[in-house]
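**Q** structure here, sequence nowhere to be found:
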């Protein structure tokens, strides 16, 4: 798996200094450590966002690529009419996901593959929908991953993101800046602003932002839907 560098430098953080991107090796090591306890700790915390993303993807239907499928927590959230391909960089996380498939309960999950989201091994327009749940702020180069999402989704299809985004003002912003300095080593980046995704979208007019919704409770997570404009 290769690391693909961002095509543009990271934007300035709250202090005016560049916000450093995560290192790929750090992410891999972090999620190898997370794998044994991921379902118990992350499952309840991310449930609302995970289900919101799966509902939005179900409205598109068809062939769905889930980037960062992890241990397969989202498998029950998709309907039987969908056809799910899941990828993840972490082999230990995928091992947990494959154990969930072994019982035959999730027939709609068609494939699980270890793969770097910066360099997707799929042809252009391979999927009706691409879903990235709690992923885009954790990859080494978010813009490169978004490029790949846009490439593999068909015209008229959607790229669906759900994530915590940086609270740019108020007490949450102060907490996130404090937290960010202490959590990068375990693969987290809580200070990621929507402006970074917005800048990517502005440079990709073929991708239309059709929804940006703060999710209940508390608006901690944001659901974002981008539709690839049909070709003229």
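**A** That came in fine, so what should we check first? Computed from a prediction, not measured in an experiment: that's the story for all the values here.
**Q** which positions within the helix ranked longest in the chain qualify as buried?
**A** Of all segments of type helix in the chain, defined using DSSP state H, the longest is helix 38-60. By neighbour count on 16 or more other C-beta atoms under 10 Å, the buried set for helix 38-60 is 38-39, 42, 46, 48-54, 56-57, 60. Just so you know, the C-beta spots here come from the backbone N, C-alpha and C atoms, and that holds for glycine as well.
**Q** mind giving me the packing neighbours of the helix or strand following it?
**A** Next helix or strand after helix 38-60 toward the C-terminus (DSSP states H and E): strand 63-67. Secondary-structure packing of strand 63-67 (3 or more C-beta pairs under 8 Å, 6 or more residues apart in numbering; DSSP states H and E): strand 83-88, strand 127-133, helix 142-152.
**Q** adjacent strands (with direction) for the second one?
**A** Spelled out, it's strand 127-133. According to DSSP bridges, strand 127-133 forms sheet pairs with strand 63-67 (parallel), strand 153-164 (parallel).
**Q** in the last one, what counts as buried?
**A** Just to be clear, that refers to strand 153-164. Buried, per 16+ other C-beta under 10 Å, within strand 153-164: 153, 154, 157, 158, 159, 160, 161, 162, 163, 164.
**Q** ok, these vs residue 106, which is closest?
**A** Each of these was checked against residue 106 using C-beta to C-beta; the closest is residue 160, at 19.3 Å.
**Q** state the pLDDT value of the closest one.
**A** pLDDT recorded at residue 160 is 98.
**Q** which stretches of this structure have low pLDDT?
**A** Counting by pLDDT under 70, the ranges of the chain that qualify are 1-28, 30-31, 34-35, 38, 40, 43, 166-191, 232.
**Q** phi and psi next, for residue 92.
**A** Main-chain torsions, residue 92, degrees, to the nearest 10: phi -60, psi -40.
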